[in-house]
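Trainee: Build me a model from this:
(chains A, B, C and D)
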4 protein chains.
Amino acid sequence: MATDLISVSRDRARPFSSRSDRLFGALYARGEVALQASDEAWLEAMLDVEAALARACALEQCVPAAAAEAIVAACASDRFDLELLGAEAAASATPVVPLVAALRELVGEDVAGYVHLGATSQDILDTAAMLVAKRSLAPLLDDARAAAEAAAALASANRDTAMAGRTLLQLALPTSFGLRAAGWLAGIDEAVTRLAEVGDTRLAVQMGGPVGARPPAVAAHVAVELGLAEPTLPWQAIRVRVAELAGALGALAGVLAKIARDVTLLSADEVGEVREGGGADRGGSSAMSHKRNPVGAVSVLACTTRVPGLVATLLTAMVQEHERAAGTWQSEWGTIAELLSLVGSAAAWARELLENLEVVPDRMLENLARLASNGVAEASEPRAHLDGAHLLIDRALAAHRR
Amino acid sequence: MATDLISVSRDRARPFSSRSDRLFGALYARGEVALQASDEAWLEAMLDVEAALARACALEQCVPAAAAEAIVAACASDRFDLELLGAEAAASATPVVPLVAALRELVGEDVAGYVHLGATSQDILDTAAMLVAKRSLAPLLDDARAAAEAAAALASANRDTAMAGRTLLQLALPTSFGLRAAGWLAGIDEAVTRLAEVGDTRLAVQMGGPVGARPPAVAAHVAVELGLAEPTLPWQAIRVRVAELAGALGALAGVLAKIARDVTLLSADEVGEVREGGGADRGGSSAMSHKRNPVGAVSVLACTTRVPGLVATLLTAMVQEHERAAGTWQSEWGTIAELLSLVGSAAAWARELLENLEVVPDRMLENLARLASNGVAEASEPRAHLDGAHLLIDRALAAHRR
Amino acid sequence: MATDLISVSRDRARPFSSRSDRLFGALYARGEVALQASDEAWLEAMLDVEAALARACALEQCVPAAAAEAIVAACASDRFDLELLGAEAAASATPVVPLVAALRELVGEDVAGYVHLGATSQDILDTAAMLVAKRSLAPLLDDARAAAEAAAALASANRDTAMAGRTLLQLALPTSFGLRAAGWLAGIDEAVTRLAEVGDTRLAVQMGGPVGARPPAVAAHVAVELGLAEPTLPWQAIRVRVAELAGALGALAGVLAKIARDVTLLSADEVGEVREGGGADRGGSSAMSHKRNPVGAVSVLACTTRVPGLVATLLTAMVQEHERAAGTWQSEWGTIAELLSLVGSAAAWARELLENLEVVPDRMLENLARLASNGVAEASEPRAHLDGAHLLIDRALAAHRR
Amino acid sequence: MATDLISVSRDRARPFSSRSDRLFGALYARGEVALQASDEAWLEAMLDVEAALARACALEQCVPAAAAEAIVAACASDRFDLELLGAEAAASATPVVPLVAALRELVGEDVAGYVHLGATSQDILDTAAMLVAKRSLAPLLDDARAAAEAAAALASANRDTAMAGRTLLQLALPTSFGLRAAGWLAGIDEAVTRLAEVGDTRLAVQMGGPVGARPPAVAAHVAVELGLAEPTLPWQAIRVRVAELAGALGALAGVLAKIARDVTLLSADEVGEVREGGGADRGGSSAMSHKRNPVGAVSVLACTTRVPGLVATLLTAMVQEHERAAGTWQSEWGTIAELLSLVGSAAAWARELLENLEVVPDRMLENLARLASNGVAEASEPRAHLDGAHLLIDRALAAHRR
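Mentor: Next up is the predicted model:
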């Protein structure tokens, strides 16, 4: 039944319009994740929570089954006017107050009293935030894993592609491009492992009632209904879960940024060792027709540069007063949505970037020749020095397959 | 003529739809500033820049006057499909490439060559960003100044309203509520002074061409057309202006946050010295009908908590490569829009909050009595100790009127 | 043998002088963690890494056993002039270059060639950073766990201590102070669990050689010697581990800040429900002898307010070029040291705060009476409404004991 | 007399020991600024404030002249044990409480009552922080201005040094290295202008007494004594001044980071257009003797990467409660010290970097040839396209000389 509810609600939810920046959305909100973090998705999630709460109360015998099903039926996002709810939120600093009022009107007088039973605004919004995160992580992790797969393919295909290693941007000693890609792979794998763990175990229901003292039975049912974790306690003002989500997203963003930065450097004309693929019209300039800009890498960095500040905001917002904060809690909603959207967009861009990356072994050899001319003997026979690289690439690929 | 162009374009621009969070916009995007920082406003601003560029080129005799006017006429935002431009931006990591293509199509083959003459994408986007900032600062500063005015009224009316000063949240010694309000006033005044200065002198045209080496004549004309400052040099990768805007917005946000935090503390039931006004249905709770939540203060804090992270992002993004950055520049657009919207929303909320704040002198006396019972003699006759406060309130009011 | 090496070096390391702010160290650098993150501790750790490397090379037969032991013997921090090394670091932007030179001189010409064999500066510094983190986490986690223990004791002792729950700083409905403390407990427990996991599994050796292509055998030995994890690959420019450490520290800081904020609010004179204990001279003011300032809570917040910015710095610094970054890597050292010291200090303060917190049930009842007078019937008989709280407290205590 | 006091105290203050990171100080704390932001300098500044307060009170006739001079005489930092004061600060979360106690003991019973008259801890610490900032800005601005001078010399000397402009790291169109340097110059000049303005007008005395209600006369005298601005009101919980200082430092750091990033990119072997000078042993590697690392640029970036997070911390810390904050205020001290030290160190490194930068015009021509071979005709005769660059360089130089 739980599965039912969720799949129904996910069908209802489509098609979303994109959440925010329509003009800059190609950069900041690429891929499905932007839909999953959109205003419409939040509304959908809030309704899913009200529906799950009604069913949980029915299981606990405090709401008649018929009333619960009437509430579930009414929790259809297309019956609500998102912008009107948004506007009415001004009176209470939460859209849940007008949402509950609208839902009560929708179900009629007899059932109205069973709507939102024993819950508080924060229960609905916090659980909805976790649902939004959970649903956003699905495409986000898909893209990140596909990016890892593409990095693995690059590592494997370029085991023997000699290139100059560079430290502090100076030519250093020979390595292989396969090892560089293996490093990217290991980084994505580590960040994805942690983020998936957070998604599976730390995104939990909130159902504590007005001051967080509601007995845990209803929360347990809601958790099952929605596929979220059940917390030991309500976490109304204890925001470790939000911080862990933010930290894991921040780490993934950092890895993707490192990869993108490498691509911008390696695709500089003077280096020329890689090129973004993806079609002839890609990377055009409004002023210089000869250029081929690293659009994917630039877009990854456009997103990821914005991430550390958002993570810091969520850490700062952990300072929440008493049983519900006055301000810091309310700062989370937009921040979480931005964070999911930006990291998801970066993952989508990184996937495309890595799946289409073109490697230019000849330029790598040219640059190794420059290194050899600097007096580095190993650079004259770079392939003779790849044993360590081979071992390490194999380790990365083996760890990835596990 | 310059004024013409701008006023025309501002008329065309209305009504905007709100830029971002429709569901949470009542918190994060209150007031007119959200419109001025919307996607539509950015499109409008980019078109205003292309129009001003055409006229500037006409003045410089490199575009025929008729062609320039044809371009100006075509630069009407309702002739462009914002979402389509946004989608096409994916190929080049900038919406300017598809915008210029669409504009060229619109003006026809004969004029097309005069569109975007000698400019690069960054010229259009940077100048548009400055225009968006300038136009957003108007309502934002209006609201902030009205908030200062309300604080001044509170300071003046409460010169003799004795209250307990509190340090580290402990009752300390008597002061007057007027002095507290005078401090708020001084803070807003200082932050507004700096922000207005940034708006008047530091928001400058960008018109450097592909690598920032375009002679300055066209930039000078465009500056006059658009009411922006003329920079000494193109500032393509030198982002001090953006940093100064961010810093000034951050300081204002901090002052508003301080005021809002004071209001949440003073309106706690146990303190009870102020109350948010603004109507009977204000501050309702979904679960507890007896409560009257400090909705305005909460909303200010919901916005301002998000600001320091955004300022840090823009400072981090100053590290821009060569003549145009690969990623950090592109991270600015969404960040600037968020920052303007959030600080503008905080200013709108703070204005409303201060204009309707209700002071409760009796509770102040009650709390002073508690202080007196702690053995602080001054608290028994608090009005006898307000000479310093009076002098300081008068100074704040005098400085405000200057 | 590995254990030997470590315990020897830890003995040698004492007594450290405190690392940084001597004047403000009582706030920012309380407890043993400040010693573990001091300059001396970093030097010690770097020498431990050079020693472990020598032994690892001996195991791999590339350094004679006697030479390795000579190197180990020379790696005594009291034989090095920390400030001189620091000064000489200016020539290479790393203290490892002068350190290796000094170490080579110390062991004499015959052994010099075996020092730092196959390693690069980053190997030493990264592994040392992980060692510093590992050694700092020991006292830090001790203090955090003791704080959790104290919270558990408060939760248990105050199961039935009725107090008013507060949302948005407004009196809401009755709860128990035990449940508040149980929330603190759950938060610390969650944050500690994650931080301990990072400490146990993610702090790994770096031993990749100049461009990260060194075969993994030596790294494996060094990991065993030093008690650190062995990574799949060198992680020279893949900084997920650093980000995970930062994120976990940030989450703990946020929980401690929440607790401290609660204490400042609850110990405000008008609320008066808790008081910091810890001796008669505690919390004095330079100007107001009647005051008793919440010194512990203030100190926790002084530390934790500084944390989110540091976490953001480390996330930003993940963007590292090629095989070794030019600048972002080098920004990590001071940031990691600050972060460990501040979170450790916050944990030490929080422990003391919670172990000495005095609860004032009578004031809680007074405030509940105010709530009752607001028309909230439950507040008249608050103990009749604690069933949920009891269940939840028991869950938190049970989870804590697991 | 005021001047006397200051110069005396500055003499007494030397030699400081460096404030913090002895091991990493070559990177993070280069130049005199680190001394000016050291613990010793803070102690010195606090004593200067107590001395200035005593004299101000004498002018106001509330302290006998002889007592004031006795206090001034006692305010010699070598008579205080910095580490002991730091340790005793634990009891009150401020070193001012033990400092005042020690000072009272030092002056003897008869004068003790005149020490710290009417002041509160925050008066001393806030004014000291402003003094520390003022004194740190002197060498910091000296270095930044010298860096600007060096950039001006590069701009002037390289007016005709053709190089390829680069956008998104791709070769774009010809420009001159002189214009690049002129951009650096303009950026430093803008940031310095603002920072100097903050230093001259916004660093103000704090002398509000326990709750900020002290009449302004004493503050006015202290301002004259110490060479700081006199504020309209005490600004105990209104931290715009701190935010403005932070913002201006952040903007300068960003410009220096941009320059350093350019240097790392231009000095990459494959580009080879500039080289850091500064002596043969500069830039050595522990593993690769052929390398010449861009040590200065790396050090600038090591410092500046740490800055945005610190600025965000100070903006976050603006949320200060009532008449004195519980935690956020106390978080400022260490943050301000770090910020001054890091930006000062970056300025010292940038100065050295720019004063010794070697330009390699031949490599610039080689890279232009690559651009020409990409089909960009202008790159074949780059000097024919420098008219715009010339005009702009001249403007930057003229603006700099003003």
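
Trainee: The helix ranked longest in chain A and chain B in contact?
Mentor: Assignment by DSSP state H gives helix A:121-157 as the longest helix of chain A. Yes - using CB under 8 Å from any CB of the partner chain, helix A:121-157 comes into contact with chain B via A:Ser121. Every residue, glycine included, has its C-beta placed from N, CA and C.

Trainee: Show me which residues of that helix are buried.
Mentor: By 16 or more other CB atoms under 10 Å in any protein chain shown, the buried positions in helix A:121-157 come out as A:121-137, A:139-156.

Trainee: That helix: how far from the chain's middle?
Mentor: Relative to the centre of its chain, helix A:121-157 is centred 5 Å away, using CA atoms, centre = their mean, to the nearest Å.

Trainee: Helix or strand next in line after that helix, which one?
Mentor: Heading C-terminal from helix A:121-157, the first helix or strand you meet, by DSSP states H and E, is strand A:162-167.

Trainee: packing partners for that next one?
Mentor: If you count contacts as 3 or more CB pairs under 8 Å, 6 or more residues apart in numbering or on different chains; DSSP states H and E, strand A:162-167 packs onto strand A:170-176, helix A:177-201, helix A:361-373.

Trainee: Next SSE downstream of the longest one?
Mentor: Helices and strands here follow DSSP H and E; after helix A:177-201, the next one along the chain is helix A:217-226.

Trainee: what's in contact with that following helix?
Mentor: Contact with helix A:217-226 is made by A:1-2, A:5-6, A:48-49, A:51-53, A:55-57, A:59-60, A:118, A:127, A:131, A:204-208, A:228-231, A:234, as judged by CB atoms under 8 Å, 6 or more residues apart in numbering or on different chains.

Trainee: Give me the buried positions along that helix.
Mentor: By neighbour count on 16+ other CB under 10 Å, the buried set for helix A:217-226 is A:Ala217, A:Val218, A:Ala219, A:Ala220, A:His221, A:Val222, A:Ala223, A:Val224, A:Glu225, A:Leu226.

Trainee: quick one: which of those is nearest to B:Thr264?
Mentor: B:Thr264 has its nearest neighbour among these in A:Ala219, at 28.3 Å by CB to CB.

Trainee: can you pull the pLDDT of the closest one?
Mentor: Looking at A:Ala219, its pLDDT is 98.

Trainee: Then A:Gly277?
Mentor: At A:Gly277, the model reports a pLDDT of 90.

Trainee: can you count the residues close to the nearest residue to it once chain neighbours are set aside?
Mentor: Leaving out its chain neighbours, the residue that sits closest to A:Gly277 by CB to CB, 6 or more residues apart in numbering or on different chains is A:Asn356, at 3.5 Å. If you count neighbours by other CB atoms under 10 Å in any protein chain shown, A:Asn356 ends up with 15.

Trainee: same question, the one 4 residues further on
Mentor: The burial metric for A:Val360, expressed as a neighbour count using other CB under 10 Å, is 18.

Trainee: isn't it right up against A:Glu276?
Mentor: No - contact criterion CB atoms under 8 Å: A:Val360 and A:Glu276 do not qualify, at 11.8 Å.

Trainee: lowest average confidence, helix or strand, in chain A?
Mentor: Ranking every helix and strand in chain A by mean pLDDT, DSSP states H and E puts helix A:2-12 at the bottom, with a mean of 35.

Trainee: and the next element down the chain from it?
Mentor: The C-terminal neighbour of helix A:2-12 among helices and strands, as given by DSSP H and E, is helix A:25-28.

Trainee: Please export the C-alpha coordinates of the next helix or strand after that following helix as CSV.
Mentor: Going down the chain from helix A:25-28, the next helix or strand is helix A:33-36, by DSSP H and E. This file holds the C-alpha atoms of helix A:33-36, laid out as CSV (Å, rounded to 0.1, in the frame of the first residue of the first chain):
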residue,chain,number,x,y,z
VAL,A,33,16.7,16.7,-10.5
ALA,A,34,15.5,20.2,-11.1
LEU,A,35,12.0,18.9,-11.4
GLN,A,36,12.3,16.9,-8.3
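
Trainee: quick one: average confidence on the next helix-or-strand element following helix A:33-36?
Mentor: Sequence order places helix A:39-59 as the next helix or strand after helix A:33-36, per DSSP H and E. Mean pLDDT, computed over helix A:39-59, is 97.

Trainee: so does helix A:39-59 get close to chain C?
Mentor: No - using CB under 8 Å from any CB, helix A:39-59 never reaches chain C; the gap is at least 14.9 Å.

Trainee: neighbouring contacts of whichever helix or strand comes after that helix?
Mentor: Using DSSP H and E, the helix or strand that follows helix A:39-59 towards the C-terminus is helix A:65-74. Applying CB under 8 Å, 6+ apart, the external contacts of helix A:65-74 come out as A:5, A:50-51, A:54-55, A:57-58, A:63, A:103, A:106-108, A:110-111, A:114-115.

Trainee: could you give the angle of helix A:65-74 to helix A:39-59?
Mentor: Put simply, helix A:65-74 runs at 170 degrees to helix A:39-59, going by axes from the mean of the first three to the mean of the last three CA atoms, to 10 degrees.

Trainee: buried sites along stretch A:341-359?
Mentor: Buried residues in stretch A:341-359, counted by 16+ other CB under 10 Å: A:341-355, A:357, A:359.

Trainee: Can you list which of those residues are found in helices?
Mentor: Reading helices off the buried residues of stretch A:341-359 with DSSP H, I get A:341-355.

Trainee: filter those by proximity to chain C?
Mentor: Restricting those to those near chain C - CB under 8 Å from any CB - leaves none.

Trainee: which among those gets closest to D:Leu368?
Mentor: The closest of these to D:Leu368 turns out to be A:Leu353 (CB to CB; 29.0 Å).

Trainee: where does that closest one sit relative to chain C, distance-wise?
Mentor: Remark: distance between A:Leu353 and chain C (CB to the nearest CB, to the nearest Å) = 15 Å.

Trainee: How about A:Met46?
Mentor: A:Met46 is 19 Å from chain C, by CB to the nearest CB.

Trainee: Same question for A:Glu321.
Mentor: Per CB to the nearest CB, A:Glu321 is found 6 Å from chain C.

Trainee: That residue contacts A:Gln236, correct?
Mentor: No - the pair A:Glu321 / A:Gln236 is not scored as a contact, 10.5 Å apart, by CB under 8 Å.

Trainee: Nearest approach to chain D belongs to which of the helices and strands packed on strand A:162-167?
Mentor: Nearest to chain D among the helices and strands packed on strand A:162-167 is strand A:170-176; the distance by CB to the nearest CB comes to 4.4 Å.

Trainee: helices and strands around the closest one, which ones?
Mentor: Packed against strand A:170-176, as judged by 3+ CB pairs under 8 Å, 6+ apart, are the following elements: strand A:162-167, helix A:361-373, helix A:387-401.

Trainee: Note down every partner strand of that strand and its orientation.
Mentor: The sheet places strand A:170-176 alongside strand A:162-167 (antiparallel), with pairing taken from DSSP bridges.

Trainee: who touches the partner strand?
Mentor: By CB under 8 Å, 6+ apart, the residues outside strand A:162-167 that reach it are A:171-177, A:180, A:273, A:361, A:364-365, A:367-368, A:370-371, A:379, A:382-383, A:386, C:120, C:122, C:210-213, C:321-324, D:268, D:285, D:288, D:291, D:293.

Trainee: Now the buried members of those.
Mentor: Neighbour-count burial (16+ other CB under 10 Å) is assigned, among those, to A:171-177, A:180, A:273, A:364-365, A:367-368, A:371, A:379, A:382, A:386, C:120, C:122, C:210-213, C:321-324, D:268, D:285, D:288, D:291, D:293.

Trainee: ok, A:Ala147 - contacts?
Mentor: With contacts defined as CB under 8 Å, 6+ apart, A:Ala147 is in contact with A:Ile188, A:Leu256, A:Ala347, A:Ala350, A:Arg351, A:Leu353, A:Leu354, A:Glu355.

Trainee: excluding its backbone neighbours, what's nearest the third one?
Mentor: For A:Ala347, the nearest residue in space outside its immediate sequence neighbours is A:Asp143; the separation is 3.9 Å by CB to CB, 6+ apart.
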